[in-house]
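Colleague: the following comprises the amino acid sequence and a computationally predicted model.
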Amino acid sequence: MKIEEQITGAALAAVKELYGTEVPEKMIQLQKTRSDFEGNLTLVTFPLLKTSHKKPEDTAQDLGEYLKKNCKAVADFNVVKGFLNLVIAQAAWTGLLNDINADEKFGEKQVTDESPLVMIEYSSPNTNKPLHLGHVRNNLLGWSLAQIMEANGNKVVKTNIVNDRGIHICKSMLAWQKWGNGITPEQAGKKGDHLIGDFYVLFDKHYKEECKQLQEQYEKEGLTADEAKEKAEHEAPLIKEAHDMLVKWEANDPEIRGLWEMMNNWVYAGFDETYKALGVSFDKIYYESSTYLAGKKKVEEGLEKGLFIRKEDNSVWADLTNEGLDQKLLLRKDGTSVYMTQDIGTAEMRFNDYPIDKMIYVVGNEQNYHFQVLSILLDRLGFKWGKDLVHFSYGMVELPNGKMKSREGTVVDADDLVASMIENAKSLSEDKVNKLEGITEEEKNEIARIVGMGALKYFILKVDARKNMLFNPEESIDFNGNTGPFIQYTYARIRSILRKAEAQNITLPASLNDDAPLNEKEIALIQKLNDFGAAVAQAGIDYSPSGIANYCYELTKEFNQFYHDYSILNADTEAEKITRLVIAKNVAKVIKNGMALLGIEVPERM
């Protein structure tokens, strides 16, 4: 039994025996003792004063005397005002370390047949361009959140919705038709998503030229600059051709559909390479080309039930004024769907595919209003999880030189970013890696990949997801401070110590004796290890990968302070050596498991 559970149970018994009243468990509030006071855990007595009818100091004294006498986990106590500081018995710390040591997945809950099913949607790319830095943050957050929810005992289904239809897709298709000369990714020597992205940028370039010429013409004809600009954007031949192509696509024109399938398949092959490099995957992928029809059908059903309204121009709307919002368009007057309709259709398909208990959408904060409306509409349409859907809203990623604009081609490409991070890791860690005996070039490259990707993922995930962030590659790959490589290097150092112990034929016991020697810093490390379960639980409540990242850093920092002050393999006694090796082994285990929740690998050597 955990130390906190032992003390809580004993404190409840104390209140009943001392004051003749049973109180709920939530009234026993335990927290870490402040570093400037003696003790390990502090019991706050203020919630119990109505029961004890005594002063805070007297209540604390009563409880302290009872716990010292009746709870084996408590060795001593002291009272500071209304706070009861408890000194935990050494045998209790040893017992806790043994519990941690016995559980390879300490701090995580098991998934059972009865576990609720959580579906998490992330990535959501368009098939007209490659993934960029913004997508990287989305994918890393989504993957990590899936691991965290599973570690909290949930079944998890990871899904992706691909935006594979619409005018923006037709722009790339039209540009390839006009200026591609039949080129393929193989002929171009490019990934398919990059090739298609080039044509999207090319369309925009030619479209802007047409708009500029038309605007000048319309201004000469007497229109104002704003009027001329707006008219030019609608009348430019390229945009009209793109719209015609979209109409043909909706009408299932075989030539246009064939071109669309071919180009989309190029993009999907490119996406798969990027996903593999990022270490993310999906259990189910949905496509808007399929879901938009399901959405239209669902909206029409809602219209028949009186849930929505049809206006004179034939458009269909949801009236949300009773919810303090406005009216929301669901079907245009020509019957075509909007994003909201597509999301309704996707929800319908998912609900039919899986018994969803909770739905989490990982989407940027510019869509906050969209998901507020979607939640209301799904609830109105009868989805049991609609009202409580979670929009995991995250901030944008910015660069030292400004924001990204995909139409102009000024983006931080995900593939380029991954390659540069690995290359940087290779350069910066060359001295360290070259010192490793018998290391092959293949192993060097693998370490560089693990360190480079760890630097990228940790730098992004350590930031509170709700905040905008500035991504700085140089800062991310530092081997000191709050970075992925710092944590990875500590893990590799511990693994090296354990290998040396094994080479010395040191066998670690399954459990330590109650009288195993422990100093204050070792107790602090055990206490920090014990906090992992709380960190995992809180990250699940808050949907917060940053909570796990910060825990891993704090544990790593605490171990390094201990390692600076105390030798492990050259400890004064054999008992101290064994105890420290068991602690180090479990620090490495928790670091590895914690970093895995962030999708980050840790190298055995570094």
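Modeller: Sure, I can see it.

Colleague: what sits up against stretch 60-80?
Modeller: Contacts to stretch 60-80, defined as CB atoms under 8 Å, 6 or more residues apart in numbering, come from residues 3, 6-7, 10-11, 13-15, 17-18, 37-39, 43, 45, 48, 52, 54, 57, 82-92. All C-beta atoms are positioned from the backbone trio N, CA, C, and that covers glycine.

Colleague: and what of stretch 88-108?
Modeller: Residues outside stretch 88-108 that contact it (CB under 8 Å, 6+ apart) are 2-3, 6, 40-41, 72-75, 151-152, 510-516, 518, 523, 526-527, 529-530, 532-533, 535-536, 582-583, 585-586, 589-590, 593.

Colleague: what sits against Leu329?
Modeller: Leu329 is in contact with Ser315, Val316, Trp317, Val338, Met340, counting by CB under 8 Å, 6+ apart.

Colleague: the first one against Gln327, yeah?
Modeller: Just to be clear, that refers to Ser315. No: counting by CB atoms under 8 Å, Ser315 does not reach Gln327; the two are 10.2 Å apart.

Colleague: the two: which is more packed in?
Modeller: Ser315 (16 against 13; other CB atoms under 10 Å).

Colleague: what about the nearest residue to that one once chain neighbours are set aside, how many residues close to it?
Modeller: Spatial nearest neighbour of Ser315, excluding adjacent residues (CB to CB, 6 or more residues apart in numbering): Lys333 at 4.4 Å. Using other CB under 10 Å, Lys333 has 13 neighbouring residues.

Colleague: check Lys171 too.
Modeller: Around Lys171 there are 25 other residues, counting by other CB under 10 Å.

Colleague: so it touches His243, yeah?
Modeller: No: applying CB under 8 Å, one finds Lys171 not in contact with His243, separated by 10.2 Å.

Colleague: check this structure and tell me which residue is nearest its centre.
Modeller: Leu141 (2.5 Å; CA atoms, centre = their mean).

Colleague: for it, what are its contacts?
Modeller: Counting by CB under 8 Å, 6+ apart, Leu141 has contacts Tyr122, Val362, Phe392, Tyr394, Ile460, Leu461, Ala465, Pro545.

Colleague: got the phi and psi for the fourth one?
Modeller: The phi and psi torsions at Tyr394 (degrees, to the nearest 10) take the values phi -120, psi 160.

Colleague: what sits against it?
Modeller: Residues near Tyr394 by CB under 8 Å, 6+ apart: Arg137, Asn138, Leu141, Val362, Val363, Gly364, Asn365, Ala465, Arg466.

Colleague: do you know how far the third one is from Ile196?
Modeller: Spelled out, it's Leu141. 25 Å (CB to CB, to the nearest Å).

Colleague: and the second one, by the same measure?
Modeller: Counting by CB to CB, the separation of Asn138 from Ile196 is 20 Å.

Colleague: give the other helices and strands that the lowest-mean-pLDDT helix or strand in the chain contacts.
Modeller: None of the helices or strands of the chain scores lower by mean pLDDT, DSSP states H and E than helix 430-434, at a mean of 71. Here helix 430-434 touches helix 441-461, going by 3 or more CB pairs under 8 Å, 6 or more residues apart in numbering; DSSP states H and E.

Colleague: mind listing what's buried along the helix it packs on?
Modeller: The neighbour-count check on helix 441-461 (16 or more other CB atoms under 10 Å) flags 444, 447-461 as buried.

Colleague: state the mean pLDDT of that helix.
Modeller: Averaging pLDDT along helix 441-461 yields 95.

Colleague: check contacts around Ile196.
Modeller: By CB under 8 Å, 6+ apart, the contact list for Ile196 reads Thr127, Asn128, Lys129, Pro130, Ser172, Trp176, Met263, Trp266, Val267.

Colleague: ok, back up a step: the contacts of Leu141: which two are farthest apart?
Modeller: Across the contacts of Leu141, no pair lies farther apart than Phe392 and Ile460, at 14.3 Å, counting by CB to CB.

Colleague: quick one on the thing from earlier: drop anything exposed from the contacts of Tyr394.
Modeller: Judged by 16+ other CB under 10 Å, buried ones among the contacts of Tyr394: Arg137, Asn138, Leu141, Val362, Val363, Gly364, Asn365, Ala465.

Colleague: check which element follows the helix of greatest length in the chain along the chain.
Modeller: Ranked by number of residues, the top helix in the chain under DSSP state H is helix 192-220. For helix 192-220, the succeeding helix or strand toward the C-terminus, using DSSP states H and E, is helix 225-235.

Colleague: only alpha carbons, please: show the helix or strand following that next one as CSV.
Modeller: Later in the chain than helix 225-235, the nearest helix or strand by DSSP H and E is helix 237-250. What follows is helix 237-250, C-alpha atoms only, in CSV (Å, rounded to 0.1, in the frame of the first residue of the first chain):
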residue,chain,number,x,y,z
PRO,A,237,-9.9,32.7,-65.3
LEU,A,238,-7.8,30.4,-63.1
ILE,A,239,-10.2,30.5,-60.2
LYS,A,240,-13.2,30.0,-62.5
GLU,A,241,-11.5,26.9,-64.0
ALA,A,242,-10.8,25.6,-60.5
HIS,A,243,-14.5,26.0,-59.6
ASP,A,244,-15.5,24.2,-62.8
MET,A,245,-13.2,21.4,-61.9
LEU,A,246,-14.8,21.2,-58.4
VAL,A,247,-18.3,21.0,-60.0
LYS,A,248,-17.1,18.2,-62.3
TRP,A,249,-15.6,16.4,-59.3
GLU,A,250,-18.9,16.6,-57.4
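
Colleague: many thanks, we can stop here.
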